[in-house]
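Visitor: Structure for the following, please:
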Amino acid sequence: QVQLVQSGGGLVQPGGSLILSCAASGFIVRHYGIGWFRQAPGKEREGVSCISGVEGATYYADSVKGRFTISRDNANNMVYLQMNSLQPEDSAVYYCATDCWGDTEYWGKGTLVIVPS
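Guide: Prediction:
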């Protein structure tokens, strides 16, 4: 069955970096768009980044453009989100999902990123 297993995240000081991983099983990531989303306490979920299927085109929210990089490892069926220059406003639970718009039932369980102010 379709599964997304997330890893990474944690506590990092402002200006630091983290990498989030999303390991997929039950489907081939390069055939689907994979999105990263985040939700901070009291806020709505927002799309952070997406990598499209096949072509692997990448998209970023304005708030993370130039700081975050999404990538895909087709051999290992994984998607990554490299996050640099992290700021307190990046603190949230981050999720990967099998759709760039979040229109899917298949989500990772989430991983917490904390950037203290």
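
Visitor: before we move on, which element is the spatially most central residue of the chain in?
Guide: In the chain, the centroid-proximal residue (Cα atoms, centre = their mean) is residue 36; its distance is 3.0 Å. Assigned by DSSP states H and E, residue 36 belongs to strand 34-39.

Visitor: And residue 56, by the same measure?
Guide: Going by DSSP H and E, residue 56 is not in any helix or strand.

Visitor: quick one: contacts for residue 57?
Guide: Listed by Cβ atoms under 8 Å, 6 or more residues apart in numbering, the contact set of residue 57 reads residue 51. The C-beta positions use only the backbone N, C-alpha and C, and glycine is treated the same way.

Visitor: Likewise for residue 79?
Guide: Residue 79 neighbours (Cβ under 8 Å, 6+ apart): 21, 22, 24, 29, 34, 36, 51, 70, 71, 72, 73, 96.

Visitor: my read: the last one touches residue 106, true?
Guide: When you say that, I think you mean residue 96. No. Counting by Cβ atoms under 8 Å, residue 96 stays clear of residue 106, with 9.3 Å between them.

Visitor: Next, show the common contact partners of the two.
Guide: Counting by Cβ under 8 Å, 6+ apart, the common neighbours of residue 96 and residue 106 are residue 4.
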